[in-house]
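Participant: From the sequence below, what's the structure:
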Amino acid sequence: MCGIVGAAGEALPAGVHAAVRGASDLLTHRGPDAGGATVVDTVSIGHRRLSVLDTGDRANQPMWSPSKDAVIVFNGEIYNFPELRDDLASRGERFTTTGDTEVLLRLLERDGPAALERVAGMFALAMWRRSTGELLLARDRFGEKPLFIARRGGDLYFASELQALLELPGLPRRVDRRALACYFETGYVPAPGTLFEGIESLEPGEWLVWKRGTIRRGAVRVPQYAPDPELARPEAAREAVLAALRTAVRRQMISDVPLGAFLSGGIDSSSVAALMQEASSAPIKTFNVRFEEARYDESAVARRVAAHLGTDHHELTVTDASFQPEDLLRVVRHVGMPFADSSAIPTFVVSRHARRHVTVALSGDGGDEMFAGYPAFQWADRLERLARLPRALLRTGARAAGLGAGSRALPGAGRLRQARKALEYAALPGETARFRALHWLFAPEERQALTTDSAPPGCDAYLRMPADAQRWTPLRRRMYSRLRYELAGDMLVKVDRMSMAVSLEVRAPFLDAEVAAVSARLPDHHLIQHGCGKHVLREAVRSLLPDEVFSHPKWGFSIPLHRFVNDRFREAAAELLRAGGPLEGLVRQPAASAILARGLRRHADAGDYSVYQATHQLWALMQLAAWRRMFAVTV
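Facilitator: This is a model prediction of the structure:
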């Protein structure tokens with residue numbers, strides 16, 4: 001895996017070329033094995049390399065084509081490069097390396113952005129063509145690899161991480177108030193937004209071509225959901241899913257360096273580990289993190305899976321009250337924005353431990369999105385049934401449940417809190433709004449208490465559906481939303497930044513193009529049956545795994561943040577949220593003080609807030625404050 005950075009312009013300001021080299025050094029964690037930079041025409045590009053395929057110097061970047069007309073920097077892996085290489089060879093191309101970078105370079109030089117439709121992999125890339133004076137930037141279809149851009153007049157800057165992009169001269173560091181409103185809603189900012197005004201993220205699957213200050217954009221095609229009658233039979237669906245996943249795992253195991261797998265004990269990571277072990281002649285290495293808090297820990301299942309498969313299993317414990325300030329700052333530094341998902345901490349811990357043994361790890365990311373595994377998909381169905389009731393009745397019921405939840409005399413306050421939320425969400429106008437409400441970090445009235453900004457109340461400017469989505473089933477619309485936004489903006493960000501912080505490459509077979517194509521062809525009844533998600537996947541891999549994988553309740557990879565509240569945590573929280581501190585001008589102090597008090601004292605669910613909600617709202621504000629201070633952001 002690698003990091004890229006660069007600038008293009010008709011007359012780049014003095015110091016840009018030196019700044020590109022300096023920014024490249026900030027990406028050394030993404031590519032510790034080699035680095036390079038070049039200035040050609042009016043373009044400056046830099047690269048840091050983590051050697052995974054063809055590890056010799058001949059595959060270093062920037063890489064030039066034989067014609068010396070095109071030069072590329074590339075971050076990622078192209079899994080179908082052997083097939084693409086064979087096709088190019090049949091068209092007269094000859095190769096001097098054995099890896100994927102040269103194949104990608106030759107393909108793009110021949111066919112331009114249209115070639116991206118044929119590429120199966122994860123990537124962010126920049127390619128300069130001298131003959132046309134065009135710079136091509138592109139990002140993989142699901143957003144596994146990041147790419148940020150900024151325009152300065154007619155100039156274009158780009159980088160794999162925001163901390164590197166901000167090293168380039170002339171970029172302001174002002175908060176984007178519209179993106180801030182979205183952060184308060186979801187805990188992250190979906191592409192193309194960032195929290196920096198004037199800086200954007202390429203969207204998953206997007207490409208752009210810069211030429212003399214003008215930009216044209218396009219994108220690879222999104223999955224076209226269309227049930228295939230040939231997959232109506234359960235046996236046919238199971239066979240198609242298993243075949244696609246088996247192919248994806250085997251081609252993602254191509255590596256010239258050691259590789260292993262993350263193994264949580266859930267169906268997705270267990271399936272990947274099982275298929276890896278099936279394809280390996282020796283025990284694969286598997287890695288798991290254990291929590292002391294029992295309801296967050298599924299390490300016992302992971303151990304059972306590892307024993308069943310015969311893997312070389314490694315388990316690391318994240319202890320209670322182990323918080324260090326660097327845990328907070330590391331996330332902010334590498335994400336480049338506040339990031340409310342605290343599971344970034346154990347993701348870093350397990351990545352750091354895995355890196356001592358392997359350079360590449362396969363994960364189960366994307367399984368829930370491809371095969372409808374999230375409970376939220378079924379909660380949404382219940383909300384839709386509730387939404388058929390009169391709005392006045394729903395609001396009256398929500399008020400009554402709220403009164404009950406706030407009364408210490410009534411038992412079951414937590415259930416009443418959940419009932420109040422369900423009734424409130426069901427009263428919202430529109431299916432999309434109701435589904436989004438299930439993922440709110442702060443409810444609308446809480447967001448209003450936080451800030452008086454006149455920006456939109458949340459993520460309306462960023463969240464949109466394809467034009468043909470109305471022809472999809474409600475389940476498919478929800479699956480697309482999770483795939484396009486939460487997966488790309490939260491889960492994949494967490495995995496990429498925390499694994500690359502320790503120079504570990506993580507691959508996700510469930511996001512393989514062939515797996516996605518099969519998923520899009522499945523009739524809905526194969527996805528959820530009898531209140532259980534991922535039905536077809538469960539049946540496809542059932543013979544490969546022990547029964548415990550299928551019988552234990554679904555756990556998300558979530559950290560017991562309330563157990564991390566030690567003296568260092570309290571001190572950091574109080575200092576970051578203090579009056580006159582880094583949140584001044586972003587958040588109203590009375591709201592910040594209330595969130596601080598609630599987040600520090602809440603250790604069990606109650607009628608007003610769950611412990612998860614209380615602690616993660618506090619964590620979100622701590623992230624925001626640390627971000628503003630670290631990057632010297634103005635309001």
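
Participant: Now stretch 529-547: buried residues?
Facilitator: Within stretch 529-547, the residues that count as buried by 16 or more other CB atoms under 10 Å are 533, 534, 535, 536, 537, 538, 539, 540, 541, 544, 545. Every C-beta, even on glycine, is put in place using the N, C-alpha and C of the backbone.

Participant: end to end, how far does it reach?
Facilitator: Stretch 529-547 has an end-to-end distance of 18 Å (CA to CA, to the nearest Å).

Participant: re earlier: now the buried residues of stretch 529-547 in CSV, please, with extra columns for pLDDT and secondary structure.
Facilitator: CSV is the format used below for the buried residues of stretch 529-547 (pLDDT from 0 to 100; DSSP: H, G, I helix; E, B strand; the rest coil):
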residue, pLDDT, secondary structure
533, 94, coil
534, 96, coil
535, 96, helix
536, 97, helix
537, 98, helix
538, 97, helix
539, 97, helix
540, 98, helix
541, 98, helix
544, 97, helix
545, 97, coil
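
Participant: Let me know the closest of these to residue 133.
Facilitator: Proximity of the buried residues of stretch 529-547 to residue 133 (CB to CB) peaks at residue 537, which lies at 47.6 Å.

Participant: Let me see the contact set for that closest one.
Facilitator: With contact set as CB atoms under 8 Å, 6 or more residues apart in numbering, residue 537 has these partners: 241, 267, 268, 271, 367, 371, 373.

Participant: Confirm residue 403 sits in a helix?
Facilitator: Yes - under DSSP: H, G, I helix; E, B strand; the rest coil, residue 403 sits within a helix.

Participant: which residues touch the residue minimising distance to the centre of the chain?
Facilitator: Of all residues in the chain, the one closest to the mean position by CA atoms, centre = their mean is residue 492, 1.9 Å from it. Each residue near residue 492 by CB under 8 Å, 6+ apart is listed here: 142, 143, 144, 365, 508.

Participant: which of these tops the neighbour count?
Facilitator: Counting neighbours by other CB atoms under 10 Å, residue 143 leads the contacts of residue 492 with 29 neighbours.

Participant: Output the contacts of residue 492 in TSV, with secondary structure appended to each entry.
Facilitator: Putting those into TSV (three-state DSSP) gives the following:
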residue	secondary structure
142	coil
143	coil
144	coil
365	coil
508	coil
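
Participant: circling back: out of the contacts of residue 537, which end up buried?
Facilitator: 241, 267, 268, 271, 367, 371, 373.

Participant: ok, those vs residue 12, which is closest?
Facilitator: Once CB to CB is applied, the member of the buried ones among the contacts of residue 537 that ends up nearest residue 12 is residue 367, at 44.0 Å.

Participant: And for that closest one, nearest residue in space, chain neighbours not counted?
Facilitator: Nearest residue to residue 367 in three dimensions, chain neighbours excluded: residue 268, at 3.1 Å (CB to CB, 6 or more residues apart in numbering).

Participant: Same check on residue 228?
Facilitator: residue 521 (3.9 Å).

Participant: and the gap between the one you found and residue 304?
Facilitator: To residue 304, residue 521 is 33 Å away according to CB to CB, to the nearest Å.

Participant: cool, and residue 587?
Facilitator: 45 Å.

Participant: So for these two, which residue has more residues nearby?
Facilitator: Ranked by neighbour count (other CB under 10 Å), residue 587 and residue 304 place residue 587 first, with 21 against 18.

Participant: which residues does the residue nearest to residue 367 contact?
Facilitator: 364, 365, 366, 367, 368, 373, 510, 537.

Participant: In three-state terms, label it for me.
Facilitator: Assignment for residue 268 (three-state DSSP): helix.

Participant: ok, the residue lying closest to residue 224 once chain neighbours are set aside to residue 572 distance?
Facilitator: Closest residue to residue 224 apart from its sequence neighbours, by CB to CB, 6+ apart: residue 520 at 6.1 Å. Plainly put, residue 520 is 45 Å away from residue 572 if you go by CB to CB.

Participant: Out of the contacts of residue 537, flag the one nearest to residue 466.
Facilitator: Checking the contacts of residue 537 against residue 466 by CB to CB gives residue 371 as the nearest, at 20.1 Å.

Participant: Give me the pLDDT for that closest one.
Facilitator: The per-residue pLDDT reported for residue 371 equals 98.

Participant: I'd assumed residue 527 was in contact with it.
Facilitator: Yes - counting by CB atoms under 8 Å, residue 371 touches residue 527, with 6.0 Å between them.

Participant: between the two, what contacts are shared?
Facilitator: Shared contacts of residue 371 and residue 527, counting by CB under 8 Å, 6+ apart, come down to 533, 534, 536.

Participant: Number of residues surrounding the closest residue to residue 77 other than its chain neighbours?
Facilitator: Distances taken as CB to CB, 6+ apart put residue 121 closest to residue 77, at 5.2 Å, once the chain neighbours are dropped. Residue 121: 23 surrounding residues under other CB under 10 Å.

Participant: swap in the one 3 residues further on?
Facilitator: Other residues within reach of residue 124, judged by other CB under 10 Å, total 25.

Participant: part of a strand, is it?
Facilitator: Yes - under three-state DSSP, residue 124 falls within a strand.

Participant: coming back round to it: filter the contacts of residue 268 down to the ones in strands?
Facilitator: Among the contacts of residue 268, none falls in strands (DSSP state E).

Participant: Present the residues you listed as JSON lines; the columns should include distance to residue 130.
Facilitator: Below are those laid out as JSON lines (distance: CB to CB, whole Å):
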{"residue": "364", "distance to residue 130": "43"}
{"residue": "365", "distance to residue 130": "38"}
{"residue": "366", "distance to residue 130": "38"}
{"residue": "367", "distance to residue 130": "43"}
{"residue": "368", "distance to residue 130": "45"}
{"residue": "373", "distance to residue 130": "47"}
{"residue": "510", "distance to residue 130": "39"}
{"residue": "537", "distance to residue 130": "47"}
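
Participant: Just name the closest of the residues you listed to residue 338, please.
Facilitator: Closest approach to residue 338 among the contacts of residue 268 (CB to CB): residue 365, at 21.7 Å.

Participant: List the contacts of the closest one.
Facilitator: 268, 487, 491, 492, 495, 506, 508, 510, 511.

Participant: The last one: what's it in contact with?
Facilitator: Read that as residue 511. Going by CB under 8 Å, 6+ apart, residue 511 touches 122, 142, 144, 365, 366, 370.

Participant: make it 6 Å
Facilitator: Neighbour list for residue 511: 142, 366 [criterion: CB atoms under 6 Å, 6 or more residues apart in numbering].

Participant: And the closest residue to residue 201 other than its chain neighbours, how close does it get to residue 446?
Facilitator: Nearest residue to residue 201 in three dimensions, chain neighbours excluded: residue 191, at 3.9 Å (CB to CB, 6+ apart). The gap separating residue 191 from residue 446 is 25 Å, by CB to CB.

Participant: Sketch out the strands for the stretch 251-400 of the chain, chain order is fine.
Facilitator: Residue ranges of the strands in the stretch 251-400 of the chain, as given by DSSP state E, counting those that start in this stretch, are 259-262, 285-291, 312-318, 360-362.

Participant: would JSON lines of the ones you listed with mean neighbour count be doable?
Facilitator: Shown next, in JSON lines, are those (neighbours: other CB atoms under 10 Å):
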{"stretch": "strand 259-262", "mean neighbour count": "26"}
{"stretch": "strand 285-291", "mean neighbour count": "24"}
{"stretch": "strand 312-318", "mean neighbour count": "17"}
{"stretch": "strand 360-362", "mean neighbour count": "26"}
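
Participant: Thanks a lot, see you next time.
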